[in-house]
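J.: the following block contains a protein sequence and its predicted model.
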Protein chains: 2
Amino acid sequence: MPTPEELDRIHIVLVRARNPNNIGAAARAMHDFGLRHLRVVNDFPVPFESARSAVDASEVLADAVACATLAEAIADCTLVVGTTAVGERDLQHTLLPLPEAAPRIRAELRRGTGPNSNPGRVALLFGSEKTGLSNEELSHCNFLLTIPMQQYAGARHLSLNLGQAVAVCLYELVRGAAAVPPSESNPAAEAHAIAADSPVAAEPTSAADLERLTTLLAETLEKSGYMRRHPANCDPAQLRLLVRRMSLDTADAAVWMGVFRQLLFKLRRMN
Amino acid sequence: MPTPEELDRIHIVLVRARNPNNIGAAARAMHDFGLRHLRVVNDFPVPFESARSAVDASEVLADAVACATLAEAIADCTLVVGTTAVGERDLQHTLLPLPEAAPRIRAELRRGTGPNSNPGRVALLFGSEKTGLSNEELSHCNFLLTIPMQQYAGARHLSLNLGQAVAVCLYELVRGAAAVPPSESNPAAEAHAIAADSPVAAEPTSAADLERLTTLLAETLEKSGYMRRHPANCDPAQLRLLVRRMSLDTADAAVWMGVFRQLLFKLRRMN
């Protein structure tokens, strides 16, 4: 995951964005993912004040810089990356899916941060909602990236809205490599691990408590008539496994013991 | 990357979304990433026709299902995942960052697609723009996920807008995982496999069956007098979580339902 200093060397450049809501949503995503530098290239005054969907991203909007030309917006950057939805255009650039583009961007951000060196600065360009980046605009880019999608058959080509595209790109940039990829191999195991987990480290129940609970359950089943009706389910080993499979932590085990004690109390009074 | 069939078993559930633009943006992201099934839970008529930001996602919107309750919206799902921006709330669930949650969701989508088996269905829940998911709504979830963010120092807590959050989650789901590491021995997994005593992976219980079991348990606790003695343990959301934490497969869920039906039968005769 990039450091705050590295994130501070990314510039999001919106080229000819027309909808203030989209500018606001882009600023909001930047704010959330720790970026500050928004540059907006437009040949008309940019309606920052109406970028209302970004109420809370006001720092980003307050510092946003309006540029007359794309060249001006990217002048101090060492790597310029264009985003595209990949239409029919004959692309003259290297085009990378976002997951492959992100490591290159992160590498540039890490580059040359020693003394007497010029640290890498990255511009990430997003085109207008209607037309994307023009060929002229693309020509400023070192490479292009696209967000891989998987539309169902027959769907016509479509792209995310601008706010969504910015959010997805920034998510991937700060996503960082998961330190330990969780095993994908055993869904049942994972479901089990998830259920067993608890936000505070759950304390597994001692075998002795599980055995106590099993005994309480067996007596409850006997007194309630369940054991007579379903003897196959009530074999002691079956009941023991049934209780073990609840994967109880100590707190839940205590609750269940209380439940069965109360049930037994009630059933005994009855018989 | 999930297959189209697997993606077809994901249901995006928007709970109390108020802004038609956000519903539209969510539908647009679904369309782009190859999902079809949108369910919207609202206590007022959902303005699908004004979900105008999704002009091109009309198939998704046309097929969207309006549900009166969350329980109805997730009834056929085998894994229910809530999304949260993680406020100050004391969370009672496992909370995973999105990159770690996605492999678990993909594993559930791959599960049980052979003949005679019940394939995994996943519900991914998004709360209202203002308040997110309520504690009651969260209690329906097997686990929670959050989009990791990196705000710069001093920024106050903020979250993506709904359309952006849906786009980022779906991007991660279809992003395509790094190669799946071969299964390493996993003690929890093995314990579960042994306990389940079954060579095929255990089938998780549908949300509808878990809800039925929760209802049976609640009535049993009420009739037995436990609820009067321990009201704090019997809050509906607490009971729902207690049952979810049992991590039942379908066979064990059936056993427990039989147990509580018998207990109720007995307790009713007595009162």
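T.: Good, I have the coordinates.

J.: just checking, what packs against the helix or strand where residue A:265 lies?
T.: Taking DSSP states H and E as the criterion, residue A:265 maps to helix A:250-270. If you count contacts as 3 or more C-beta pairs under 8 Å, 6 or more residues apart in numbering or on different chains; DSSP states H and E, helix A:250-270 packs onto helix A:207-224, helix B:207-224, helix B:226-229, helix B:250-270. Bear in mind the C-beta positions are built from the backbone N, C-alpha and C, glycine included.

J.: make a markdown table out of those helices and add mean pLDDT.
T.: What follows is the helices and strands packed on helix A:250-270, written out as a markdown table (pLDDT from 0 to 100):
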| stretch | mean pLDDT |
| --- | --- |
| helix A:207-224 | 90 |
| helix B:207-224 | 94 |
| helix B:226-229 | 94 |
| helix B:250-270 | 92 |
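
J.: which intervals of the stretch 1-150 of chain A have sub-threshold pLDDT?
T.: A:49-57, A:87-91, A:113-117 (pLDDT under 70).

J.: please enumerate the strands of it.
T.: Residue ranges of the strands in the stretch 1-150 of chain A, as given by DSSP state E, counting those that start in this stretch, are A:10-15, A:37-41, A:65-67, A:79-83, A:95-97, A:122-126, A:143-146.

J.: other SSEs contacting the fifth one?
T.: Here strand A:95-97 touches strand A:143-146, going by 3+ C-beta pairs under 8 Å, 6+ apart.

J.: repeat for the second one
T.: Using 3+ C-beta pairs under 8 Å, 6+ apart as the contact test, the elements touching strand A:37-41 are strand A:10-15, helix A:20-33, strand A:65-67, helix A:70-73.

J.: contact residues of the stretch 1-150 of chain A facing chain B?
T.: Counting by C-beta under 8 Å from any C-beta of the partner chain, the positions of the stretch 1-150 of chain A adjacent to chain B are A:1-2, A:4, A:7-8, A:21, A:25, A:28-29, A:31-36, A:53, A:56-57, A:59, A:98-99, A:147-150.

J.: and the contacts of the helix holding residue A:265?
T.: Contacts with helix A:250-270, where a contact means C-beta atoms under 8 Å, 6 or more residues apart in numbering or on different chains, come from A:202-206, A:209-210, A:212-213, A:216-217, A:219-220, A:223-224, A:246, A:248, B:220-221, B:224-226, B:229-230, B:233, B:242, B:245, B:263, B:266-267, B:270.

J.: now distance to residue B:139 and mean neighbour count too, for the strands of the stretch 1-150 of chain A, in TSV please.
T.: Shown next, in TSV, are the strands of the stretch 1-150 of chain A (distance: least, C-beta to C-beta, whole Å; neighbours: other C-beta atoms under 10 Å in any protein chain shown):
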stretch	distance to residue B:139	mean neighbour count
strand A:10-15	38	25
strand A:37-41	40	22
strand A:65-67	47	16
strand A:79-83	40	23
strand A:95-97	38	16
strand A:122-126	39	24
strand A:143-146	40	20
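
J.: save those as JSON lines, and put in distance to residue B:81 too.
T.: Below are these laid out as JSON lines (distance: least, C-beta to C-beta, whole Å):
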{"stretch": "strand A:10-15", "distance to residue B:81": "30"}
{"stretch": "strand A:37-41", "distance to residue B:81": "32"}
{"stretch": "strand A:65-67", "distance to residue B:81": "40"}
{"stretch": "strand A:79-83", "distance to residue B:81": "29"}
{"stretch": "strand A:95-97", "distance to residue B:81": "25"}
{"stretch": "strand A:122-126", "distance to residue B:81": "30"}
{"stretch": "strand A:143-146", "distance to residue B:81": "27"}
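
J.: domain map for chain A?
T.: Under the assignment automatic domain parsing, the domains of chain A span A:4-175, A:203-270.

J.: quick one, which of those domains is packed in tightest?
T.: Ranked by mean neighbour count, these are led by domain A:4-175 with a mean of 19 (mean count of other C-beta atoms under 10 Å in any protein chain shown).

J.: centre of the chain to that one, how far?
T.: Domain A:4-175 sits 18 Å away from the centroid of its parent chain (C-alpha atoms, centre = their mean, to the nearest Å).

J.: ends of it, how far apart?
T.: Using C-alpha to C-alpha, to the nearest Å, the end-to-end distance of domain A:4-175 comes out at 13 Å.

J.: how about stretch A:83-95?
T.: 9 Å.

J.: can you say which of the helices and strands packed on strand A:37-41 is nearest to residue A:46?
T.: Relative to residue A:46, the nearest member of the helices and strands packed on strand A:37-41 by C-beta to C-beta is strand A:65-67, separated by 4.9 Å.

J.: I figured residue A:164 hits residue B:160, correct?
T.: No. Between residue A:164 and residue B:160 there is no contact under C-beta atoms under 8 Å: 9.2 Å.

J.: what sits in contact with each of those two?
T.: Residues touching both residue A:164 and residue B:160 (C-beta under 8 Å, 6+ apart): residue B:168.

J.: quick check: angle from the helix holding residue A:265 to helix B:207-224?
T.: When axes from the mean of the first three to the mean of the last three C-alpha atoms, to 10 degrees is applied, the directions of helix A:250-270 and helix B:207-224 differ by 50 degrees.

J.: and helix A:250-270, how far out from the chain middle?
T.: The chain centre lies 42 Å from the centre of helix A:250-270; the measure is C-alpha atoms, centre = their mean.

J.: stretch A:231-251 too?
T.: With C-alpha atoms, centre = their mean, you get 37 Å for stretch A:231-251.

J.: distance across that stretch, terminal residue to terminal residue?
T.: 30 Å.

J.: which residue is the nearest non-sequential neighbour of residue A:111?
T.: Of all residues not flanking residue A:111 in the chain, residue A:120 sits nearest, at 4.1 Å (C-beta to C-beta, 6 or more residues apart in numbering or on different chains).

J.: what's the answer for residue A:173, then?
T.: Leaving aside its sequence neighbours, residue A:173 sits nearest to residue A:102 (C-beta to C-beta, 6+ apart; 5.4 Å).

J.: in this model residue A:171 seems to touch the one you found, though I could be wrong.
T.: No. Using C-beta under 8 Å as the test, residue A:102 is too far from residue A:171 to be in contact (9.6 Å).
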